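Participant: task: produce atomic coordinates for the following.
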Amino acid sequence: MKLHRMLVPLALLPLVASAQTTIYSTTFGSGALNPGTYATGDYAVLSTRANTPKSLAPGAFSFGLTAATSASVEAQVRFANPASAVTLAVGDAIQLKIVFTATNNILSSSTTNSSLNVGLYNAATGSPTSGLAGTGSSALLASTGVTGFETGFVQSWSGYVGRFGHTSTDGLTTVGTSLLTRPAQSAGATGSSRPQDLVFAGAVGGSYNSPAAVTIANAASPSNAAFSLTNLSQYTITYLITQTTLTNQTFDLNLYSGTNTSAGALQSITGSLATNSVTQLTDTFNAFAIGYRYVGTSAASSITLNSADVISITAIPEPSTFAAMAGVAGLGLAACRRRRRG
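Facilitator: Down below sits the predicted model:
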């Protein structure tokens, strides 16, 4: 019997405890905003229309949109270099937690297409664009008219998006609070910067769509109804991805009122790749993005991020598992000795 065949059952042994390590934590008091040369921990803001003056200060990373009837904006962050990325073993998890202030017009119960989106990604290569975020007619995220961004930057990033709101089928067949894939993108058509979007999944002209997003799960009522956030109020997003088997992951996305998770979630959704036969894109993560789409009567909109934390959760085998592992290792050594004597 070959040793690797004997080791396979270890993946099925019980994991009953976990160790949590904060691998990234920021209140936005460091790092650069749209720098000329992007470095890990810097922040890039991209949009489909002119975005309002952006600012980065301790406890307040603010960005938004000038008056529009339909536009989107997102921030992209690579929180670790590829060599320091978190790779999930079976039983491990990664959690993103973001506390933010809904400064102005984030989501709207009067429209079907407003959304708040967040994602975790494997930034194996490439960095966000630097110093080129939307400025009036040269807004970066567009289906035509923007050259030099058809490839590179975040085009090759792959991961998973959680979306609150967006209750129509605009760009997708699914509606409401949803979990979606973000595959590494093909090169964009000449003049298209769609491959530089990470969160909007075909909802607007500047959003990723090749390959298109695949729905992991979408929420049932009431989490599939349009809703609004209160201007100048704080909220918390938690996004947990767990590696349950070598080829399956589960997802837990929540939106809470306030700066913690003590109250019940305003919106929540769980999902599994296996449920809808979705192919796993990555088990490695070192980047995140958050953005929103505003749709409605022409108006300015903005969001302020107060803090962001990424936590690595490592499964710890129970004592009986260690004993089983030792037993399997002993059998493997014995088998190797027999083969050598033979």
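Participant: what about stretch 129-146, start to end distance?
Facilitator: 13 Å (C-alpha to C-alpha, to the nearest Å).
Participant: can you tell me the element the spatially most central residue of the chain falls in?
Facilitator: In the chain, the residue lying closest to the centroid (C-alpha atoms, centre = their mean) is Gly119, at 1.4 Å. Following DSSP states H and E, one finds Gly119 within strand 115-122.
Participant: could you spell out the sheet neighbours of that strand, each with its direction?
Facilitator: Partners of strand 115-122 in the sheet, by DSSP bridges, are strand 158-165 (antiparallel), strand 287-317 (antiparallel).
Participant: could you list the buried residues of the first one?
Facilitator: Using 16 or more other C-beta atoms under 10 Å as the test for burial, strand 158-165 gives 158-165. No exception for glycine: its C-beta is placed from N, CA and C like everyone else's.
Participant: one more: stretch 284-301?
Facilitator: Buried residues in stretch 284-301 (16+ other C-beta under 10 Å): 284-296, 301.
Participant: what about the protein, any weak spots by pLDDT?
Facilitator: Applying pLDDT under 70 to the chain flags residues 1-17, 109-112, 131-138, 166-175, 221-226, 318-342.
Participant: and Gln196, what are its phi and psi?
Facilitator: phi -90, psi 0 (degrees, to the nearest 10).
Participant: I'd like to know how many residues surround it.
Facilitator: Gln196 is flanked by 31 other residues according to other C-beta atoms under 10 Å.
Participant: which ones are touching the closest residue to Ala57 other than its chain neighbours?
Facilitator: Leaving aside its chain neighbours, Ala57 sits nearest to Phe28 (6.9 Å; criterion: C-beta to C-beta, 6 or more residues apart in numbering). Phe28 sits next to 43, 56-61, 305-308 when contact means C-beta atoms under 8 Å, 6 or more residues apart in numbering.
Participant: just to revisit the earlier point, nearest to Leu179, of the strands paired with strand 115-122?
Facilitator: strand 158-165 (5.8 Å; C-beta to C-beta).
Participant: how about that closest one as PDB, C-alpha atoms only?
Facilitator: Only the C-alpha atoms of strand 158-165 are listed here, as PDB (Å, rounded to 0.1, in the frame of the first residue of the first chain):
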ATOM      1  CA  SER A 158     -10.100  35.500  -8.700                       C
ATOM      2  CA  GLY A 159     -12.400  35.200  -5.700                       C
ATOM      3  CA  TYR A 160     -15.900  35.600  -4.400                       C
ATOM      4  CA  VAL A 161     -18.300  38.500  -4.100                       C
ATOM      5  CA  GLY A 162     -21.000  39.100  -1.600                       C
ATOM      6  CA  ARG A 163     -23.800  41.500  -2.700                       C
ATOM      7  CA  PHE A 164     -26.400  43.300  -0.600                       C
ATOM      8  CA  GLY A 165     -29.400  44.700  -2.500                       C
END
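Participant: just give me how far it sits from the chain centre.
Facilitator: For strand 158-165, the separation from the chain centroid amounts to 6 Å (computed by C-alpha atoms, centre = their mean, to the nearest Å).
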